[in-house]
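Enquirer: Sharing a sequence plus its predicted fold:
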Amino acid sequence: MTVEQTLADLVAIDSVSSRSNAEMISYLETRCAAFGFETKTFSHIDENGIEKINLVAFTSGQESKSQPPLSASGAVQIELTLVGHTDTVPYDPNWIEALTLTEKDGKLFGRGACDTKAFIAAALTAIEPIDLGRLKKPLALVFSSDEEIGCLGAKRLADAKPFTARYAIVGEPTSLQPMRAGKGYCLAEFIIRGTEAHSAYPQLGASAIFRAARLIEQIEKIADQLKEDQREGFEPPYTTLNIGVIKGGTAKNIVAGECRFTLEWRTIPGQASAHVLNLVGQSIDELKKDDSEFLCEIDAHRFDESFETPADSPLVEFLERASGQSSATVAFGTEAPSMISLGADAVVFGPGDIRVAHRTGEFVPLRQLNQCVQVLRQAIEKFCG
Ligand SMILES: [Zn+2]
């Protein structure tokens, strides 16, 4: 099958994150089994009662014929893992060709054509002519669920640890530029309490908004302090903070009883996700010295790790050579940290431009799609052949 035919099949399957990805997994499992892969699915029911599945298709490799099956012991060591997420963002119902791959001026249009079904189609096409039985080292394909809503499938797989991986290429639209590092993404909500009172008698209450303002002033100082710890290759090269939403009080003549704000921070590699929260915690302790009733509840609900694969990793060097592009860093969240937690040197790489992903009319340039097939085929030969 040509890479376009495979991509057309993938685009035709509606795999928006809110739906079950079972149909997509069934298609991929059939293709992988036909190539000679062993396959294993990891299914779970999400919070809306919908089945979501991760699929791992793998070879044992001649040098490790006695490998045990994939299991929670993580005993299986995979040499090269190619990772593609099966879900897409939603599409506008007015985009009538969203599920029909359409070619125009060397570009292939369709929902997911760029993010990230193009990479999946390239991986399947790269493998098709290869005799898997002669590969010396284990190769795996990982097809994950729910990437677009927080890389949930890959995180579940990393927690289950069914295998360890040496090298992983995580498919995302990077215009075939190898991305070897990325900032983390963390989010917390702060709920500051006060005591309501008539605003003519403020001494009878305690303003949650004044309290929040004092804390926010400290957070701005922390943002400045964080600029001292820098990592090359990032723009800007330090951890950034943002208070994007604030809400507080009920009326102009009531001393505010509650104030909430969100704090988002994007960490540089090598800095723990909790570092910012620890600094804010110290500020809260300081504020409590002057105001013993200072009450602050913190609901920290997201800690996506940063990642970094060394520039001299054989995978980075290979992808730089094969693509003719030097490596860089990504600004968006990916499944790379999950692969790193499985032991891999991970690089984010794939055809298409992230700036057209998630849009009506997203597309992948056919030339890049074909080039990706060649690069992935060379990668399999180099690392597993
Ligand atoms: Zn994606």
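Expert: That came in fine, so what should we check first?
Enquirer: Is Thr102 bridged to anything, and to what?
Expert: Here Thr102 shows beta-bridge partners Phe109, assigned using DSSP bridges.
Enquirer: Do I have it right that it meets Phe109?
Expert: Yes: under the criterion of C-beta atoms under 8 Å, Thr102 makes contact with Phe109 at 4.7 Å. Using the backbone N, CA and C atoms, a C-beta is placed for each residue, glycine as well.
Enquirer: Those two - which one has more neighbours?
Expert: Higher neighbour count among Thr102 and Phe109: Phe109, with 21 against 15, using other C-beta atoms under 10 Å.
Enquirer: Over to Ala300. Which of the three states is it?
Expert: strand (DSSP: H, G, I helix; E, B strand; the rest coil).
Enquirer: Go ahead and confirm it touches Ala188.
Expert: Yes: using C-beta under 8 Å, Ala300 is in contact with Ala188, at 4.0 Å.
Enquirer: Overlap in contacts, these two.
Expert: Both Ala300 and Ala188 are contacted by Leu277, under the criterion C-beta atoms under 8 Å, 6 or more residues apart in numbering.
Enquirer: out of these two, which sits in the busier spot?
Expert: With other C-beta under 10 Å as the criterion, Ala300 and Ala188 differ in neighbour count, and Ala188 comes out ahead with 18 against 15.
Enquirer: who's the more buried one bridged to?
Expert: With beta bridges defined as DSSP bridges, Ala188 has these partners: Leu263, Ala300.
Enquirer: Quick one: residues contacting it.
Expert: Ala188 touches 262-263, 277, 298-302, counting by C-beta under 8 Å, 6+ apart.
Enquirer: Out of those, give me the one that has the most neighbours.
Expert: Per-residue neighbour counts (other C-beta under 10 Å) across those peak at Leu263, which has 23 neighbours.
Enquirer: What parts of this structure come near the ion?
Expert: 115-116, 172 (C-beta under 5 Å from the ion).
Enquirer: Need phi/psi at Ala33.
Expert: The phi/psi pair for Ala33 (degrees, to the nearest 10) reads phi -60, psi -40.
Enquirer: Tell me, how many residues neighbour it?
Expert: Ala33 has 12 nearby residues by other C-beta under 10 Å.
Enquirer: With the flanking residues excluded, which residue is spatially nearest to it?
Expert: Spatial nearest neighbour of Ala33, excluding adjacent residues (C-beta to C-beta, 6 or more residues apart in numbering): Thr39 at 5.8 Å.
Enquirer: partners of the one you found in the sheet?
Expert: In this entry, Thr39 is beta-bridged to Ala57, by DSSP bridges.
Enquirer: wait, isn't it in contact with Ile53?
Expert: No: the pair Thr39 / Ile53 is not scored as a contact, 11.1 Å apart, by C-beta under 8 Å.
Enquirer: Give me the more crowded residue out of the two.
Expert: Set side by side, Thr39 and Ile53 show more neighbours around Ile53, with 21 against 18, by other C-beta under 10 Å.
Enquirer: That one is in contact with Ile25, isn't it?
Expert: Yes: the pair Ile53 / Ile25 is scored as a contact, 4.5 Å apart, by C-beta under 8 Å.
Enquirer: So for these two, which residues contact both of them?
Expert: Here Ile53 and Ile25 have Thr41 as joint contacts, going by C-beta under 8 Å, 6+ apart.
Enquirer: Tell me which residue in the stretch 251-385 of the chain sits closest to the ion.
Expert: Residue of the stretch 251-385 of the chain nearest the ion, by C-beta to the ion: Ala357 (6.5 Å).
Enquirer: Once you drop chain neighbours, what's closest to that residue?
Expert: Asp115 (3.6 Å).
Enquirer: Could I get the contacting residues of Glu85?
Expert: Actually, residue 85 is His. It isn't Glu. Residues near His85 by C-beta under 8 Å, 6+ apart: 116, 143-148, 153-154, 171, 335.
Enquirer: try it again with 7 Å
Expert: By C-beta atoms under 7 Å, 6 or more residues apart in numbering, the residues touching His85 are 116, 144, 147, 153, 335.
Enquirer: For those residues, give me CSV that also has secondary structure, neighbour count and distance to Arg134.
Expert: Listed next are the contacts of His85 as CSV, based on DSSP: H, G, I helix; E, B strand; the rest coil; neighbours: other C-beta atoms under 10 Å; distance: C-beta to C-beta, whole Å:
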residue, secondary structure, neighbour count, distance to Arg134
Thr116, coil, 31, 29
Ser144, strand, 28, 28
Glu147, coil, 28, 32
Gly153, helix, 29, 31
Glu335, coil, 28, 29
